[in-house]
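Enquirer: With the input below, show me the fold.
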Amino acid sequence: MTPRTPENPGRTAARTAGLLAAALVLGGLVAGTVPAQAAAPARTVPFAAAPAADPATVTVTGSGSASAAPDLAILSIAVEADRTTAKEAMAAQTTEAENLLRVLRAQGIEDRDIRTDSLSVMPVYTQTSGGESKVSGYQAVQSFSVKVRAIDRAGQVIGAVNEAARDAGRVNGVVFDVADPGALRAKAREAAYQDAHEKAQQHARLSGHRLGRLVSLSEGESTRPGQGAASPSISADGASVPLAPGEIEEHVTVSAVYELL
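Expert: Take a look at the predicted model:
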């Protein structure tokens, strides 16, 4: 049996010190005593506010009308002449037009209320026995728009024109109107707005809300249906023509959007 050699006291002490150091390091890792790397700076997350809810709204359409007795008559009158050549037709039409203008001025119509709407010279065709169209002459026509501001004299003016122009004259029609349509339209617009507002109030009440501010307002095209148009049948011997002016109506529509509270 081989005898055991005793350990070196210095080596034993060094080994003990190494084991103790390792234990201290391990204990520091577990206990968090070993310094760690610097922590990254914290980031601030912005706060996102919840989107505000859109207010409830109501959209309504209002309509309104206003009427008034017309104070203006607009006559559509024409003179025409048929001749063999275009030059002759134009000359004859010019004579008839001058005669018409004299009659109108004699009836108290001012020049500012007489306007030429159209002037034309066109060939007149006839059909030959062989079925071909042939120019047999020319017709010159000039049409006028005439405003009669003394509306009760409109029939008298038509009669005077017819008597003076005879076969060369034509009265194509009469339209009654108001000289100031803006005032009539303003009344119709006010009625349309009031109608829209009342409808919006009713919708708010029915839905359990209160009517808020007006968000938007738009107006449609105004109309004047039935402006008293007439196409009188004129007798060649009549000194005056009876007319029925009736009333002029103006219609306006609006579209409104209101908030509901």
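Enquirer: Pretty sure Ala92 sits against Val141.
Expert: No. Ala92 is beyond contact range of Val141, at 11.2 Å (criterion: CB atoms under 8 Å). Yep, even glycine has a C-beta here, placed from its N, CA and C like the rest.
Enquirer: for the chain, which strand is longest?
Expert: Identified as the longest strand of the chain according to DSSP state E is strand 133-148.
Enquirer: how far off strand 133-148 does whichever helix or strand comes after it point, in degrees?
Expert: Sequence order places helix 154-165 as the next helix or strand after strand 133-148, per DSSP states H and E. Angle, helix 154-165 to strand 133-148, by axes from the mean of the first three to the mean of the last three CA atoms, to 10 degrees: 140 degrees.
Enquirer: For helix 154-165, output the C-alpha coordinates as CSV.
Expert: Written as CSV, here are the backbone C-alpha positions of helix 154-165 (Å, rounded to 0.1, in the frame of the first residue of the first chain):
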residue,chain,number,x,y,z
ALA,A,154,-103.5,95.8,-74.7
GLY,A,155,-106.6,94.7,-76.5
GLN,A,156,-106.9,98.2,-78.1
VAL,A,157,-103.3,98.1,-79.3
ILE,A,158,-103.9,94.6,-80.9
GLY,A,159,-107.0,95.9,-82.6
ALA,A,160,-105.2,99.0,-84.0
VAL,A,161,-102.3,96.9,-85.3
ASN,A,162,-104.7,94.5,-87.0
GLU,A,163,-106.7,97.3,-88.6
ALA,A,164,-103.6,99.1,-89.9
ALA,A,165,-101.6,96.0,-91.1
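Enquirer: Buried ones in the next helix or strand after it, by neighbour count?
Expert: The element immediately downstream of helix 154-165 (helix or strand, assigned by DSSP H and E) is strand 169-177. Within strand 169-177, the residues scored as buried using 16 or more other CB atoms under 10 Å are 169-171, 174, 176-177.
Enquirer: May I see these arranged in JSON lines, with distance to Val79 as well?
Expert: Below are those laid out as JSON lines (distance: CB to CB, whole Å):
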{"residue": "Gly169", "distance to Val79": "5"}
{"residue": "Arg170", "distance to Val79": "7"}
{"residue": "Val171", "distance to Val79": "11"}
{"residue": "Val174", "distance to Val79": "17"}
{"residue": "Phe176", "distance to Val79": "23"}
{"residue": "Asp177", "distance to Val79": "24"}
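Enquirer: Could you grab the helix/strand/coil label for Glu221?
Expert: Here Glu221 is recorded as coil under DSSP: H, G, I helix; E, B strand; the rest coil.
Enquirer: Low-confidence ranges, the stretch 51-200 of the chain, go.
Expert: 51-52 (pLDDT under 70).
Enquirer: so what does the longest helix seen in the chain touch, helix or strand wise?
Expert: Under DSSP state H, the helix in the chain containing the largest number of residues is helix 181-206. Where contact means 3 or more CB pairs under 8 Å, 6 or more residues apart in numbering; DSSP states H and E, helix 181-206 is packed against strand 57-68, strand 211-219, strand 248-260.
Enquirer: Compare those strands and give me the one nearest Ser133.
Expert: With CB to CB, the closest approach to Ser133 among the helices and strands packed on helix 181-206 belongs to strand 248-260: 45.9 Å.
Enquirer: Which strands and helices lie in contact with that closest one?
Expert: For strand 248-260, the packing partners by 3+ CB pairs under 8 Å, 6+ apart come out as strand 57-68, helix 181-206, strand 211-219.
Enquirer: Done for today, thanks.
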